[in-house]
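Student: Sequence first, predicted model second:
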Protein chains: 2
Amino acid sequence: MQRVCFLLKVRQDRLAEYRERHAAVWPQMQEALRASGWHNYSLFCRDDGLLVGYLETEDFAAAQEAMARTDVNARWQAEMAPFFEGLDGRPDEGMLPLTEVFHLD
Amino acid sequence: MQRVCFLLKVRQDRLAEYRERHAAVWPQMQEALRASGWHNYSLFCRDDGLLVGYLETEDFAAAQEAMARTDVNARWQAEMAPFFEGLDGRPDEGMLPLTEVFHLD
């Protein structure tokens, strides 16, 4: 099992709206994440828009690829893209994992 | 159960040493964390030293207070303090939790 942590940057002026959208993620999107192997998945934000993602999965590359094959993910990512800073493509393609330096079960 | 995510900043010029230290956290420190209610606790770092902590606990304030009462934590935090940027006090007192905006089990 892999523990994955990634960072993204939400535009500060759209952070309130980003939070509202994530309080009501489409059920179909949630089902697709689960079916694609995204478990114990949380997003946290700082007031300036720095966003931290944490999830547990068997294989992050496979979990990303499985989501990338779903129609609902393409629709969701297209709606989310304008919320982010410094992204050329889709938000889910900008998730660069950090390095785990410590773990305690 | 609370999911907690916090950020700290390790000095980039000491990041390699910080990683080495965290590959060998004192067993007594690990036992104190567990006994104080720190579960599924991971630290992740970015190349510039940005450090993300993630843990699960019944009550983060109580878990922090329980650790603060241990001698081993005082010794560990004193050794870790010089690794960090922008801290006035101990690293464990600079852990400011981010806001959770999404969770999927």
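Tutor: Structure received.
Student: For the rest of this, base every contact and every neighbour count on C-alpha atoms.
Tutor: Will do.
Student: is the lowest-mean-pLDDT helix or strand in chain A anywhere near chain B?
Tutor: In chain A, the helix or strand scored least confidently by mean pLDDT, DSSP states H and E is strand A:96-97, which has a mean of 87. No: applying Cα under 8 Å from any Cα of the partner chain, one finds strand A:96-97 out of contact with chain B, separated by at least 8.5 Å.
Student: strands paired with that strand, and their directions?
Tutor: strand A:2-9 (antiparallel) (DSSP bridges).
Student: Could you check how far residue A:99 is from residue A:25?
Tutor: 28 Å (Cα to Cα, to the nearest Å).
Student: more neighbours, the two?
Tutor: residue A:99 (18 against 14; other Cα atoms under 10 Å in any protein chain shown).
Student: quick one, strands of chain A?
Tutor: A:2-9, A:39-45, A:50-57, A:96-97, A:99-104 (DSSP state E).
Student: Now do the last one: everything it contacts.
Tutor: The reference is to strand A:99-104. A:5, B:19, B:22-23, B:30, B:39-46 (Cα atoms under 8 Å, 6 or more residues apart in numbering or on different chains).
Student: let's see it at 6 Å
Tutor: B:19, B:22, B:40, B:41, B:42, B:43, B:44, B:45 (Cα atoms under 6 Å, 6 or more residues apart in numbering or on different chains).
Student: what does chain A put close to chain B?
Tutor: A:19, A:22, A:39-46, A:98-105 (Cα under 6 Å from any Cα of the partner chain).
Student: mind running it again at 8 Å?
Tutor: A:5, A:19, A:22-23, A:30, A:39-46, A:54, A:98-105.
Student: which regions of chain A lie under the pLDDT threshold?
Tutor: Within chain A, no stretch has pLDDT under 70.
Student: Quick check: residue A:15 touching residue A:49?
Tutor: Yes: the pair residue A:15 and residue A:49 qualifies as a contact (Cα atoms under 8 Å) at a distance of 6.1 Å.
Student: The residues of chain A next to chain B, buried ones only, as a ChimeraX selection?
Tutor: Per 16 or more other Cα atoms under 10 Å in any protein chain shown, the buried members of these correspond to this ChimeraX selection:
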select /A:5,19,30,39,41,42,43,44,45,46,54,98,99,100,101,102,103
